[in-house]
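In: Below is the sequence, then the predicted model.
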Amino acid sequence: MNLLAELRRRFAQALEKLDNEAISAAQWEELARLVLPCQHPRFGDYQANLAMPLARQLRRPPAEIARQLGELADVSPWCLPPEVTAQGFINLRVSDERLAALLHDLLPDERLGVPLAAPPLSYVIDYSAPNVAKPMHVGHIRSTVIGDALYRTLKFLGHRVIGDNHLGDWGTQFGMIIYGYRHFRDPQAYARQPVAELGRLYRLVNQLIEHEEACAQLPELKRRAAATKQSLEQAEAALRAVPPTDSAGQKRAAAVRRKCEAALAAAEAELAEARARIQAVESDPQLASLAAAHPQIGAAVLAETARLHAGDPENVRLWREFLPACRAEIDRIYARLGVRFDVTLGESFYHDRLPQVVDELLARGIAQHSEGAVCAFVPDMPAPMIVRKRDGAFLYATTDLATIQYRMEAWSPDVILYVVDHRQSEHFRLLFAVARRWGYQQVALHHLSFGTVLGEDGRPFRTRSGDTVGLESLLDEAVARAYRIVCENDDQKPDGPELSEEERRQVAETVGIGAIKYADLSQHRTSDYVFSYEKMLATKGNTATYMQYAYARVRSIFRKGGEQPEAIRALAPPIMITSPAERALALLLVRFPEALADVVEDFCPNKLTAYLWELANSFSTFFEECPVLRAPTTELRQSRLALCDLTARVIRRGLDLLGIGVCEKM
RNA sequence: GCGCCCGUAGCUCAACGGAUAGAGCAACGGACUUCUAAUCCGUAGGUUGCAGGUUCGAAUCCUGCCGGGCGUACCA
């Protein structure tokens, strides 16, 4: 049961009973949303803040309205009689007796009190979506982890959910490895380890293309750096020319100078990057000769891609040969991450549909020819959505439209969620607008954007040499650090180490992967965050490790006491609330359903991490203050064991919904 | 230039239009003969970028400014 939702219902009923024509029925539910959890326990557990906004409408003092609503609202049996303040707040406190009863009911409940959604909706979640020909990197973490957490949570709430991995399996990257395969492959290496060899070919071709582009851009970049330098000098001169008495003028000129400084820094950085790319190839004789032997490699790669798309038998054959190996590679990483999909329909799946999509858009007047391309113009958007290029090729925008069409035909979902980084928000605004005009008006389309993973320097997370960081090496590093922490802790246990080497490895894997996922999920989805092994593996604070530790402590109590959780559940002892620590823990246990409702309200998993952190913290306090095995009476011991069991189950379930595991010992 | 997002404790971040803005890290002071100290308890730290406005009530909504990130017609 969701207690908050229930109290809101009661207050909506109270408004109805108020029988005041000034308040429309439509307002009841809206006002009832002003029943909220208290920010501070001194005011109680929940508060109803609806008297204040009603005061003007009803032309009566808020305190008086609050008193009346407090009487009309039937908050029994859960809450004590409401207390009303002079400002008009209605404070609600859950009665200890009922709290105990609620927990007692929770004990045998597999769902831990979480109600099934009524009615259930059907969702398609589009997440992860890496390009399969290149190794997965740090940039894929967020989409994968957030999407998976939302998938699990929506499913647990009883919705019909289809997790769809919209792979990039049809793009230029395949042109690159086809080209690489034709010209640079090492047959023995390919026979031995095809994925590694394809990865090498991808990186090699990519490097040669970057070299070619950098060479081509170099004069322009030099020119731009010189020009920005000049405008900076002008801006500085202009600033000096402003008389000191003109403070407004000074400010304006200083702002211009700052802008020029930033532009110069950007131009110089770009120039430096281009030079580094050229240097990387030319300092290596082998690479340099390859670059010389393959001029126009960029165009050649595009031609290979075009031949693939046009159905050239040899390129299609190679694509079919490469794809399984590439898929196996990412599947291995998904297995390690514990991420699953219901379907994996990559871009290639929609290839056949693209011409019809464009034709249909043209026929219905949604798109038109413009400068040789086919474009869908949308009011209030500065640029159109281009669905076919001048050269006749389709774009990912076209694929995205075809994907919506297919998903609607195949599953007719109520909601489609796209877990994709914030830089694509404009693309999605266009996409959704065009989809609406195309006739998909019922389905809710949400772009769940997220921020960038930053390094400790505040710049997007990269290696020291400036490369993106491979996802797998990230996992390995986190696990390696977790292993050191596990060993250090186990060696220091008062009764000596209790983990075997094998167990230590397993714990380290669970803790390390959990740390990475949790660090990501505990940030607000939309903000950037700084990637730090130190912080994510910290043993105090809002980390997976802390939750996992709390879970392990509970399990340890059961082990030491020779108790079985199933036995406690079957016994279903009365719950006794004898201290503030017990009460705080008990109330949080009852509020698990609220946390999950919060998560899906705006698709923010950090609501769940915040809840779990509070719960685990509350348990730690309880652990310090309330002896379980040595409780003064058998009844209290059993009651506390029941609290422990529920805590462990909520933590385990909560972490599971985030895609994070637990350990019995750590 | 235009568009989108962001500015909260020294640092990293929470906060649903609600009461005295919360955590963690770092700092300081306590608690292991007691179920895992990977812990707990306490102290200190704030003009929520600035200025207006809306509201009974604003970190939250609106306007302007300052500062930052990202995106801006044929890449994905």
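Out: Yes, it's here. Remember, it's a predicted structure, so these values are computed and weren't measured experimentally.

In: Could you list the low-pLDDT ranges of chain A?
Out: Low-confidence segments of chain A, defined by pLDDT under 70, are located at A:248.

In: mind listing the strands for it?
Out: Remark: strands assigned in chain A by DSSP state E are A:35-37, A:46-48, A:83-84, A:90-92, A:122-126, A:160-164, A:368-370, A:373-376, A:385-388, A:415-419, A:444-448, A:453-454, A:529-530.

In: Which strands border the last one, and is each parallel or antiparallel?
Out: Pairing partners of strand A:529-530, with direction, according to DSSP bridges: strand A:453-454 (parallel).

In: got the strands of chain A as a markdown table, with mean neighbour count and distance to RNA strand B columns?
Out: C-betas here are computed from N, CA, C, even on glycine. Output for the strands of chain A, formatted as a markdown table (neighbours: other Cβ atoms under 10 Å; distance: least, Cβ to the nearest atom of the strand, whole Å):
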| stretch | mean neighbour count | distance to RNA strand B |
| --- | --- | --- |
| strand A:35-37 | 17 | 4 |
| strand A:46-48 | 24 | 4 |
| strand A:83-84 | 18 | 8 |
| strand A:90-92 | 25 | 5 |
| strand A:122-126 | 23 | 13 |
| strand A:160-164 | 21 | 15 |
| strand A:368-370 | 12 | 4 |
| strand A:373-376 | 21 | 3 |
| strand A:385-388 | 23 | 5 |
| strand A:415-419 | 23 | 12 |
| strand A:444-448 | 18 | 10 |
| strand A:453-454 | 18 | 7 |
| strand A:529-530 | 16 | 4 |
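
In: Nearest approach to A:A544 belongs to which of these?
Out: strand A:529-530 (14.7 Å; Cβ to Cβ).

In: Save the strands of chain A as CSV, and put in distance to A:E501 too.
Out: Output for the strands of chain A, formatted as CSV (distance: least, Cβ to Cβ, whole Å):
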stretch, distance to A:E501
strand A:35-37, 45
strand A:46-48, 50
strand A:83-84, 58
strand A:90-92, 53
strand A:122-126, 39
strand A:160-164, 36
strand A:368-370, 66
strand A:373-376, 60
strand A:385-388, 57
strand A:415-419, 38
strand A:444-448, 41
strand A:453-454, 33
strand A:529-530, 33
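
In: Just give the closest residue to the residue in the stretch 301-450 of chain A that RNA strand B sits nearest to, not the sequence neighbours.
Out: Closest approach between the stretch 301-450 of chain A and RNA strand B, counting by Cβ to the nearest atom of the strand: A:K389, at 2.7 Å. Leaving aside its sequence neighbours, A:K389 sits nearest to A:A373 (Cβ to Cβ, 6 or more residues apart in numbering; 5.6 Å).

In: swap in A:E6?
Out: With sequence-adjacent residues excluded and distances taken as Cβ to Cβ, 6+ apart, A:E6 is closest to A:W78, at 7.3 Å.

In: Can you report how many residues neighbour the residue of the stretch 301-450 of chain A closest to RNA strand B?
Out: 13 (other Cβ atoms under 10 Å).

In: same thing with the one 3 residues further on?
Out: The local packing of A:G392 (other Cβ under 10 Å) involves 14 other residues.

In: If we go by neighbour counts, what in stretch A:22-29 is buried?
Out: Judged by neighbour count using 16 or more other Cβ atoms under 10 Å, the buried positions of stretch A:22-29 are A:I23, A:Q27, A:W28.

In: Quick check: of these, which lies closest to RNA strand B?
Out: Distances from RNA strand B to the buried residues of stretch A:22-29, taken by Cβ to the nearest atom of the strand, are shortest for A:Q27, at 13.0 Å.
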